[in-house]
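Student: please find the sequence and the predicted model below.
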Amino acid sequence: MKSKSLWFLGRKEVGFREEEVNISRGDEILVETLYSGISHGTERLIYRGEVAEGLQLDSSVKTIKGRFPFPVKYGYSNVGKVVETGEKVSALQKGDVIFAFNPHETNYMISEKEAVKLPVEITPLHGVFIASLETAINVVLDSGIKLGESVVIFGQGTVGLFIMQLVRKSGADKIFTVDKIEKRRDTSLMFGADFSFDPDSDNLSAVIMELTDGIGADVVIEASGSPSALNNAIKLAAFQGQVVVVSWYGTKPVTLNLGAEFHRKRIKIKSSQVSFVDPALTPRWSIKRRMALALKLLPMLNLDELVSLSRIYPFEEAEEAFEMLDKKPEEALQVIFSYV
């Protein structure tokens, strides 16, 4: 079967390539894509050519092909329908709808164990948010947020909005969000944030201190993709507070002012990356358990509102979609490709 795949070919250049996909092993399934979601942070960096040359591809996503910076077939949020199964496949059958960490393409072949069957309560369109929700779950696990703590979240894109909702479920007392885009700040408040600010607001640090009774934020989560946000995050953190960095900045330089509050406040900066679970949790938490939690939580969140703030493009209009994401990111919370 012929499949059309999206490739990043050069700086701000995407195109399609045809590939032959057929089942070659008994444990494989052939999938016809229904929807796929763009990772706004990572894929925009790739599109702009802001990924270091020679950087290793994510080994946890086996279907990614090529090399950084170009050419590369990239993407990891795909919902499709099983159209054929190998003779050893037992848990899936023709017609099942699955989620897979797979790039943007019309058809693909993966092993049965790499597919996640969607529960009936999750629609195929909503399924494209699974990858973002799993990232958000990993952030909350990494952050170790405790009951009654104050949390600041920089960035209210799809991942940031999921983080905010999960932080509320984790027992945070006060939740502050920060984003440049007014519509996202409004959405954040609608979804449950206590306060939402523009990062350029006057005296933001003083305001957070006042609203936390002079303590500051116990946890600050940086999910904006903006390198300058890290300095602000340090300023807002409480004594012995923690800054959790979700953003991947690519080749964009990050300059930190570590000569002021950082040392005296004994602030901890921690990376959160979804390919792995915190080693301290692995005796109890596996990637499989994390995915099961994502499937359970997804129907409980504000999915219809997320879709209403998203923009759906026919797969054939991928070039237009990435151009919009590059030049006018405020116009869509999430960009989704439709193949139906």
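Tutor: Received it, and whenever you're ready, just let me know what you need. Because the structure is predicted, anything quoted here is derived from the model rather than measured. Numbering: from 1, shown residues only.
Student: the strands in the stretch 201-340 of the chain, which residues?
Tutor: In order along the chain, the stretch 201-340 of the chain carries the following strands (DSSP state E, counting those that start in this stretch): 217-222, 237-245, 268-271, 311-314, 335-338.
Student: for the protein, what helix or strand is lowest in average pLDDT?
Tutor: For the chain, using mean pLDDT, DSSP states H and E, the weakest element among its helices and strands is helix 261-264, scoring a mean of 91.
Student: name the helices or strands packed onto it?
Tutor: Packing contacts for helix 261-264, counted by 3 or more CB pairs under 8 Å, 6 or more residues apart in numbering; DSSP states H and E, involve helix 229-236. C-beta here means a position set from N, CA and C on the backbone, and glycine is covered the same way.
Student: any idea of the mean pLDDT in the helix it packs on?
Tutor: Taken as a whole, helix 229-236 carries a mean pLDDT of 94.
Student: what do you get for stretch 97-116?
Tutor: The average of the pLDDT scores along stretch 97-116 is 97.
Student: so what secondary structure elements neighbour the helix or strand harbouring T187?
Tutor: Secondary-structure element containing T187, defined by DSSP states H and E: helix 182-191. Judged by 3+ CB pairs under 8 Å, 6+ apart, the packing partners of helix 182-191 are helix 158-169, strand 174-178, strand 195-197, helix 303-308.
Student: picking up where we left off before, what comes up buried for the least confident helix or strand of the chain?
Tutor: E261, F262 (16 or more other CB atoms under 10 Å).
Student: check the strands of the stretch 201-340 of the chain for me and report the most buried one.
Tutor: Using mean count of other CB atoms under 10 Å, the stretch among the strands of the stretch 201-340 of the chain with the greatest mean number of neighbours is strand 217-222 (a mean of 28).
Student: circling back: which stretch among the strands of the stretch 201-340 of the chain comes nearest E112?
Tutor: Ranking those by their distance to E112 (criterion: CB to CB) puts strand 335-338 first, at 24.3 Å.
Student: pull up the pairing partners for that closest one, direction included.
Tutor: In the sheet, strand 335-338 lines up against strand 28-37 (antiparallel), strand 311-314 (parallel) (DSSP bridges).
Student: right, and S272 touches S143 too?
Tutor: Yes: the pair S272 and S143 qualifies as a contact (CB atoms under 8 Å) at a distance of 7.4 Å.
Student: neighbour count winner among the two?
Tutor: Taking other CB atoms under 10 Å, S272 and S143 do not tie; S143 has more neighbours (26 against 22).
Student: next, the more buried one: phi, psi?
Tutor: Recorded main-chain torsions at S143 are phi -80, psi -30, according to degrees, to the nearest 10.
Student: OK, contacts around it?
Tutor: For S143, the set of contacting residues under the criterion of CB atoms under 8 Å, 6 or more residues apart in numbering consists of V151, V219, I221, Q242, V244, K270, S272.
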